[in-house]
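**Q** Compute the structure for the input listed below.
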Amino acid sequence: MSKEFTTAIVWFRRDLRLSDNPALTAAVKRSETILPVFIWSPNEHGSWAPGGASKWWLHHSLSGLGKAFAEKDCELLILEGPSEKTILELVKKTSADFVVWNRLYEPAAVKRDEKIKKSLKESGIGVESFNGSLLLEPWENMNQSGKPYKVFTPFWKSLVQELKPQKPLRAPGGITQSDKPNIKTRKLSDLSLLPKLDWDEGFYEYWTPGEEGGAKAVRRFKGDCAKEYSDTRNRPDLQGTSRLSPHLHFGEISPRQIWHKLFGEQKPKPSSKSGVETFLREIGWREFAHHLLFHFPETVSEPLRQEFEEFPWNKKKDFLRAWQKGQTGYPIVDAGMRELWHTGWMHNRVRMIVASFLVKHLLQPWQDGARWFWDTLVDADLANNSLGWQWTAGCGADAAPYFRVFNPILQGEKFDPNGDYVRKWCPELEKLDNSYLHKPWEAPKEALSDAGVELGKTYPEPLVDHQRARRTALEAYDEIKDKKAA
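**A** Sure, this is the predicted structure:
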């Protein structure tokens with residue numbers, strides 16, 4: 001039986017897997033031969049080119065994808081340059097008549113992909129894009145007025161109602177690669193994705209990038225953590241979360257695969273508090289983040305709530321630097337920032353704590369925090385990052401009220417009750433008694449001396465006083481409220 005096309009170019013971006021990959025499946029099914037290609041073009045992301053930690057992950061993920069194709073006697077082409085020019089040249093050199101990819105939803109990617117699709121159609125080339133990263137497209141889940149949701153709970157209820165759970169696609173077999181005349185491919189090392197300094201040394205202990213690593217992470221989570229997820233997900237001292245976020249971001253596993261692995265073809269009850277259903281709501285938050293980014297693309301740098309454009313930030317480079325280095329004097333905050341630097345990841349509860357501390361205790365712009373996370377997180381995702389920081393700052397959709405200021409002392413005592421997390425990442429406090437661990441400045445001199453702690457030398461004094469900083473933050477919030485009312 002003859003196929004519809006002769007040669008299909010499969011353009012890989014952040015869908016670095018063979019299974020449940022609708023673009024790849026369509027290419028194999030509808031074309032006699034395929035040509036899988038990855039194009040390194042960081043400048044096309046505008047001001048959001050991949051950060052250092054993301055590039056580390058990308059390097060290893062591409063290596064894994066290349067090996068997976070090699071096992072099928074196929075080569076993943078790695079090219080570098082402007083995407084449109086590179087694809088059109090590739091079409092010409094290979095006489096390809098079909099180009100496919102899985103969609104991205106960041107503002108710059110949407111504009112670029114629309115332009116490339118138009119150019120290919122005008123050249124008479126078949127072109128099609130697919131949903132390979134979301135449960136529902138951003139335009140498929142709208143409110144009753146046909147407008148985007150701005151509150152999560154109705155969004156989630158609607159998504160569950162509209163969703164038709166399906167079995168994930170299997171990795172296609174029988175892949176036949178097309179000839180590659182005059183195509184100069186790059187070595188992965190040519191892209192210089194790995195950092196020149198050895199700050200990524202700790203990453204290798206914690207992560208296994210690639211499709212196999214993503215599948216293994218799901219199995220671990222299902223076996224060890226899923227049932228207790230509701231009870232353990234807020235404890236950074238426990239292995240109670242899935243750690244699937246970087247695998248999801250790079251498309252090494254799809255949300256549909258996760259859903260099916262944990263819940264089959266059932267639908268959860270939106271209000272259920274079971275471990276698995278609580279976790280699926282977190283997948284729902286990821287969907288909500290992409291929904292917001294697609295419909296409100298300006299939120300990557302501008303507050304969704306316009307009154308926050310007038311917020312009286314108190315920019316101080318020394319405050320920002322101390323926060324980045326984990327030297328604020330608040331142990332739960334410092335532990336989180338050091339975990340981030342060493343592993344490229346931070347527990348979600350701690351992300352909220354450190355973000356709140358930067359924005360509300362130190363009055364530093366949320367955009368500065370978002371930039372730091374963007375460069376240091378292996379799971380740096382523009383949609384999730386923007387939603388998370390705007391939520392914490394109180395200026396986004398479904399945001400936490402600005403007057404909700406996380407108390408880093410109480411947060412530490414509640415979610416790291418035995419001090420295991422702080423002691424791991426702030427070893428200079430290791431011997432300090434648990435009653436003072438989250439507030440060492442209150443410890444008697446004798447207790448500090450016995451623990452080998454000298455505030456201001458072995459561990460920093462607090463940058464700010466909690467109660468005073470909270471009052472200052474609320475006064476700043478009242479200031480923009482008064483301006484809005486005037």
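**Q** Convert stretch 197-209 to CSV, retaining C-alpha atoms only.
**A** Backbone C-alpha positions of stretch 197-209 (Å, rounded to 0.1, in the frame of the first residue of the first chain) are rendered in CSV as follows:
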residue,chain,number,x,y,z
LEU,A,197,32.7,25.4,35.0
ASP,A,198,32.0,22.2,37.0
TRP,A,199,29.0,23.7,38.9
ASP,A,200,26.9,20.9,37.4
GLU,A,201,28.8,18.2,39.2
GLY,A,202,25.9,17.5,41.6
PHE,A,203,23.4,17.1,38.8
TYR,A,204,24.7,13.7,37.8
GLU,A,205,23.9,12.4,41.3
TYR,A,206,20.2,13.4,41.1
TRP,A,207,19.1,13.1,37.5
THR,A,208,19.0,10.7,34.5
PRO,A,209,17.8,12.8,31.6
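**Q** mean confidence score for the strand ranked longest in the chain?
**A** Of all the segments of type strand in the chain, defined by DSSP state E, the longest one is strand 31-40. For strand 31-40, the mean per-residue pLDDT is 97.
**Q** Name the spans of the stretch 251-400 of the chain whose pLDDT lies under the cut-off.
**A** 265, 270-271, 399-400 (pLDDT under 70).
**Q** Quick one: the helices in it, in order.
**A** With DSSP state H, counting those that start in this stretch as the criterion, the stretch 251-400 of the chain has helices at 255-263, 275-295, 317-325, 331-343, 348-356, 366-376, 382-393.
**Q** For the helix or strand following the last one, C-alpha coordinates in CSV please.
**A** Following helix 382-393 in sequence order, the next helix or strand is helix 408-415 (DSSP states H and E). These are the backbone C-alpha positions of helix 408-415, laid out as CSV (Å, rounded to 0.1, in the frame of the first residue of the first chain):
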residue,chain,number,x,y,z
PRO,A,408,10.1,31.3,56.9
ILE,A,409,10.5,30.3,60.5
LEU,A,410,7.1,28.7,60.9
GLN,A,411,7.3,27.2,57.4
GLY,A,412,10.6,25.6,58.3
GLU,A,413,9.3,24.2,61.6
LYS,A,414,6.1,22.8,60.0
PHE,A,415,7.5,21.3,56.8
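**Q** Give me the distance between helix 408-415 and the centre of its chain.
**A** 25 Å (C-alpha atoms, centre = their mean, to the nearest Å).
**Q** Please apply the same query to stretch 338-351.
**A** On C-alpha atoms, centre = their mean, the centre of stretch 338-351 falls 12 Å from that of its chain.
**Q** Output it as CSV, nothing but the C-alphas.
**A** Below are the C-alpha coordinates for stretch 338-351, written out as CSV (Å, rounded to 0.1, in the frame of the first residue of the first chain):
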residue,chain,number,x,y,z
ARG,A,338,21.7,25.9,47.9
GLU,A,339,19.7,22.8,46.9
LEU,A,340,18.9,24.6,43.7
TRP,A,341,22.5,25.5,42.9
HIS,A,342,23.8,22.0,43.6
THR,A,343,21.0,19.9,42.0
GLY,A,344,19.3,22.2,39.5
TRP,A,345,16.0,21.7,41.3
MET,A,346,14.1,22.8,44.4
HIS,A,347,11.2,21.3,46.2
ASN,A,348,8.0,23.1,45.3
ARG,A,349,7.0,24.1,48.9
VAL,A,350,10.5,25.6,49.3
ARG,A,351,10.1,27.4,45.9
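**Q** what does it contact?
**A** 53, 56-57, 199-200, 202-203, 205-207, 233-236, 241, 243, 245-246, 326, 332, 335-337, 354, 373, 376-379, 388, 411, 415, 421, 425-426 (C-beta atoms under 8 Å, 6 or more residues apart in numbering). (C-beta placed from N, C-alpha, C; glycine too.)
**Q** Then stretch 457-470?
**A** Contacts for stretch 457-470 (C-beta under 8 Å, 6+ apart): 319, 322, 327-330, 360-362, 405, 407-409, 426, 428-429, 440-441, 452-453, 455.
**Q** Quick one: the helices in the stretch 1-150 of the chain, in order.
**A** 22-30, 52-70, 83-94, 107-122.
**Q** Redo these as JSON lines? Include mean neighbour count and distance to residue 254.
**A** As requested, those are exported to JSON lines (neighbours: other C-beta atoms under 10 Å; distance: least, C-beta to C-beta, whole Å):
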{"stretch": "helix 22-30", "mean neighbour count": "21", "distance to residue 254": "9"}
{"stretch": "helix 52-70", "mean neighbour count": "21", "distance to residue 254": "14"}
{"stretch": "helix 83-94", "mean neighbour count": "18", "distance to residue 254": "23"}
{"stretch": "helix 107-122", "mean neighbour count": "16", "distance to residue 254": "18"}
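**Q** okay if I get these as CSV plus distance to residue 255?
**A** Shown next, in CSV, are those (distance: least, C-beta to C-beta, whole Å):
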stretch, distance to residue 255
helix 22-30, 13
helix 52-70, 17
helix 83-94, 25
helix 107-122, 18
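**Q** Go through the ones you listed and name the closest to residue 256.
**A** Among the helices of the stretch 1-150 of the chain, helix 22-30 comes nearest to residue 256, with 9.9 Å by C-beta to C-beta.
**Q** Report the inter-axis angle for that closest one versus helix 255-263.
**A** Here helix 22-30 runs at an angle of 100 degrees relative to helix 255-263 (axes from the mean of the first three to the mean of the last three C-alpha atoms, to 10 degrees).
**Q** Can you name the residues in contact with helix 22-30?
**A** With contacts defined as C-beta under 8 Å, 6+ apart, helix 22-30 is touched by 3-5, 8-11, 15, 18, 34, 36, 98, 100-102, 128-132, 169, 172, 174-175.
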